[in-house]
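Visitor: Kindly generate the corresponding structure for this input.
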Amino acid sequence: MNNDLQQLHPYPFEKLAALKAGITPPAGLSHIALSIGEPKHLPPAFVLRELSNNLDRLGNYPATKGLPELRTAIAHWADQRFALCHKLDPETQVLPVNGTREALFAFAQAVINRSADKPLVVCPNPFYQIYEGAALLAGAEPHFLNCTAENNFIPDYANVPVDIWQRCQLLYLCSPGNPTGAVMSSAQFQQLIQLADRYDFVIASDECYSELYQHEDQAPAGLLQACSDMGRNDYRRCVVFHSLSKRSNLPGLRSGFVAGDADILGQFLKYRTYHGCAMAVPSQIASTAAWQDEDHVLANRDAYRKKFTAVLDILDGCLEVTRPEAGFYLWPKLPMKGEEFARRLYAEQNITVLPGAYLARDTNAGNPAEDYVRMALVATEAECVEAAHRIRQFVASL
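Guide: You can find the predicted model right below:
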């Protein structure tokens, strides 16, 4: 077996299941899950129709590169959404993928040069656990940059030691952030691009929460947008990852894309051809329809805004928590360790939240997430409101 498998940590939800084991919550309270970021809003009906109407295409082998019409729809969406002065070439700068999770993992396997001396993959802390697993199984060492309230939950790239940048081959970032909802500005992206130029590493920007934001006139910036703002038309060293899971409530479709540096994507396509991860043709056709429509995305954002307003009104003065810039998570600072908070909340109120420490690693400066929990507002508005009332009652009893 691959020895690197022994380095993998248990997934956060395995740890959560162990934390809850043996606990019997109150029978009179229905269970409300705020732990997993799985959208529960209805998928767009027109996308489901496209999927159903094209099931006969399951008789075709799909091309790894994807249908031209899907790549064109993706390129047009990205050009419009991020106001790209240099439009993406659907032929060389876009690849459909089976959701960002699969692609974020596979990307490191294609990018990391194992023959280099002690290669590093730099990523935020807390983080999406795929970044760490991808680094370890690519033969690299993950290096974590703490995201705290003091740095507005965005890594302080300016103060990373030179020797770290010299060993860095790949940097994962997540904006809007999971779990904090923090959003990087174009200027911050540009600072990172300049570091990548100086030290020759690749930036993988996970932007799967980019379409869930609070204000219609404040859409989050993206890495390619920052390249465009700098006048760069080749998107060199820069690759972005987007998904229909959160944007369109289609997590089970497993549909997303990567876009950016054509040279990197050309090699990534070669890897993927051997990897055998082509998206089914009906899914590609349905995805094309989803990327071409914004009305359902507007409605989706509005539904989340209403839930945030209702929940935060109830939690006001109860927990140290603010409305995130984007995403669908709350990241409250707690009066106790997150693991204890989550265990007792489940035992007393039958609500499941995810301890922040399960999304982070210990560093010399400590674990930046141990005093937090992640709450995903993905359930119905009524369930989220009920959960907020129970959480308030629970905190008052502490």
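Visitor: and the longest helix for this structure?
Guide: helix 295-315 (DSSP state H).
Visitor: after that helix comes which helix or strand?
Guide: Moving toward the C-terminus from helix 295-315, the next helix or strand (DSSP states H and E) is strand 329-330.
Visitor: Got phi/psi on the residue most central in space within the chain?
Guide: Centroid-nearest residue in the chain, with CA atoms, centre = their mean: residue 208, separated by 4.9 Å. Backbone torsions of residue 208, given as degrees, to the nearest 10, read phi -70, psi -10.
Visitor: How far does the longest helix of the chain sit from its chain's centre?
Guide: On the basis of CA atoms, centre = their mean, to the nearest Å, helix 295-315 sits 19 Å off its chain's mean C-alpha point.
Visitor: For residue 379, report the pLDDT, please.
Guide: If you check residue 379, the pLDDT there is 94.
Visitor: and it, what helix or strand is that in?
Guide: Going by DSSP H and E, residue 379 is not in any helix or strand.
Visitor: other SSEs contacting the longest helix of the chain?
Guide: For helix 295-315, the packing partners by 3 or more CB pairs under 8 Å, 6 or more residues apart in numbering; DSSP states H and E come out as strand 329-330, helix 381-397. For glycine as for every other residue, the C-beta is placed from the backbone atoms N, C-alpha and C.
Visitor: Deepest-packed of those, please.
Guide: Of all the helices and strands packed on helix 295-315, strand 329-330 has the most neighbours on average by mean count of other CB atoms under 10 Å, namely a mean of 26.
Visitor: so how far is that one off the chain centroid?
Guide: 13 Å.
Visitor: Also stretch 197-211?
Guide: Distance, centroid of stretch 197-211 to centroid of chain: 12 Å (CA atoms, centre = their mean).
Visitor: just to revisit the earlier point, can I get the helices and strands packed on helix 295-315 in CSV including distance to residue 229?
Guide: Formatted as CSV, the helices and strands packed on helix 295-315 follow (distance: least, CB to CB, whole Å):
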stretch, distance to residue 229
strand 329-330, 28
helix 381-397, 37
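Visitor: what's the closest of the ones you listed to residue 340?
Guide: Closest approach to residue 340 among the helices and strands packed on helix 295-315 (CB to CB): helix 381-397, 12.1 Å.
Visitor: Name the nearest residue to the residue nearest to the centre of the chain, sequence neighbours excluded.
Guide: Nearest residue to residue 208 in three dimensions, chain neighbours excluded: residue 243, at 4.2 Å (CB to CB, 6 or more residues apart in numbering).
Visitor: Relative to residue 258, how far out is the one you found?
Guide: Distance check for residue 243 against residue 258: by CB to CB, to the nearest Å, it reads 10 Å.
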